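A.B. asks: Task: produce atomic coordinates for the following.
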Amino acid sequence: MGANFDLFGDPVAANHGGRGRPAHVPTQQNRNRVSMLVGLGWSNERIAGAMLITLPTLRKYYFSELNLREVARDRLDARLAMKLWEQVEAGNVGAMREFRKVQEHNDLMLYGQQRPAAPADKPAAERLGKKDAAIVAAQNPNTGSRLGELMARRQGLNS
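C.D. replies: Just a heads-up that it's a prediction; the model follows:
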């Protein structure tokens with residue numbers, strides 16, 4: 001007997017329409033979703049909330065995905081790299097650039113290095129934020145205009 005599916009393609013529980021709440025039926029899509037969320041570092045409570053199931057249901061049906069928490073991030077990164085590589089082989093130039101970034105990041109991880117910091121244009125002491133720059137500009141009015149001359153006279157800079 002074939003499995004019955006609802007409009008969204010999810011299997012319908014055997015007791016659907018009967019007494020009590022139908023049992024949760026795990027699908028491959030949900031297994032993939034749980035694996036992805038575990039790889040992103042989500043807690044079990046957060047995953048269960050996103051899946052609209054309880055913690056015991058999550059642990060009952062998705063225990064194998066939850067047990068791979070130690071390697072889930074590496075598996076997720078590997079899957080992403082494979083998808084990117086497929087695009088590279090198809091000739092996608094944007095994917096080539098992105099794959100180069102992934103490759104550089106991987107090389108840095110291998111050798112225990114970090115990305116070099118972007119060079120600063122000016123030393124931190126010389127840089128001013130927007131508000132500080134506005135205060136400095138207000139204290140030094142432009143005397144090339146009538147308004148600037150008036151402001152300078154009021155501040156006693158130009159008598």
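A.B. asks: Which neighbouring elements make contact with whichever strand or helix holds Leu76?
C.D. replies: Following DSSP states H and E, the helix or strand that holds Leu76 is helix 69-89. Here helix 69-89 touches helix 28-39, helix 93-110, going by 3 or more CB pairs under 8 Å, 6 or more residues apart in numbering; DSSP states H and E. From N, CA and C alone the C-beta is placed, and that goes for glycine too.
A.B. asks: Pull out the buried residues from that helix.
C.D. replies: 72, 76, 81, 84, 88 (16 or more other CB atoms under 10 Å).
A.B. asks: hang on, isn't the third one packed against Val102?
C.D. replies: Yes - counting by CB atoms under 8 Å, Ala81 touches Val102, with 5.8 Å between them.
A.B. asks: Which residue, neighbours along the chain excluded, lies closest to Asn142?
C.D. replies: Excluding its sequence neighbours, the residue lying closest to Asn142 (CB to CB, 6 or more residues apart in numbering) is Gly148, at 4.0 Å.
A.B. asks: Surely the one you found forms part of a helix?
C.D. replies: Yes - counting by DSSP: H, G, I helix; E, B strand; the rest coil, Gly148 is part of a helix.
A.B. asks: distance of it from Glu89?
C.D. replies: 63 Å (CB to CB, to the nearest Å).
A.B. asks: Now do the residue nearest to Asn142: how many residues are near it, please.
C.D. replies: Residues near Gly148, counting by other CB atoms under 10 Å, number 14.
A.B. asks: my read: it touches Ala138, true?
C.D. replies: No - using CB under 8 Å, Gly148 makes no contact with Ala138, being 11.0 Å away.
A.B. asks: who touches the residue nearest the centre of the chain in this structure?
C.D. replies: The centre of the chain sits closest to Leu40, judged by CA atoms, centre = their mean, with a distance of 8.7 Å. Contact partners of Leu40, counting by CB atoms under 8 Å, 6 or more residues apart in numbering, are 73, 76.
A.B. asks: where does this protein dip in pLDDT?
C.D. replies: 1-3, 13-18, 20, 113-125, 157-159 (pLDDT under 70).
A.B. asks: about what we covered before: can you list the helices and strands packed on helix 69-89 in TSV and add mean neighbour count?
C.D. replies: What follows is the helices and strands packed on helix 69-89, written out as TSV (neighbours: other CB atoms under 10 Å):
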stretch	mean neighbour count
helix 28-39	17
helix 93-110	12
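A.B. asks: In terms of helices and strands, where is Gly112?
C.D. replies: Applying DSSP H and E, one finds Gly112 in no helix or strand.
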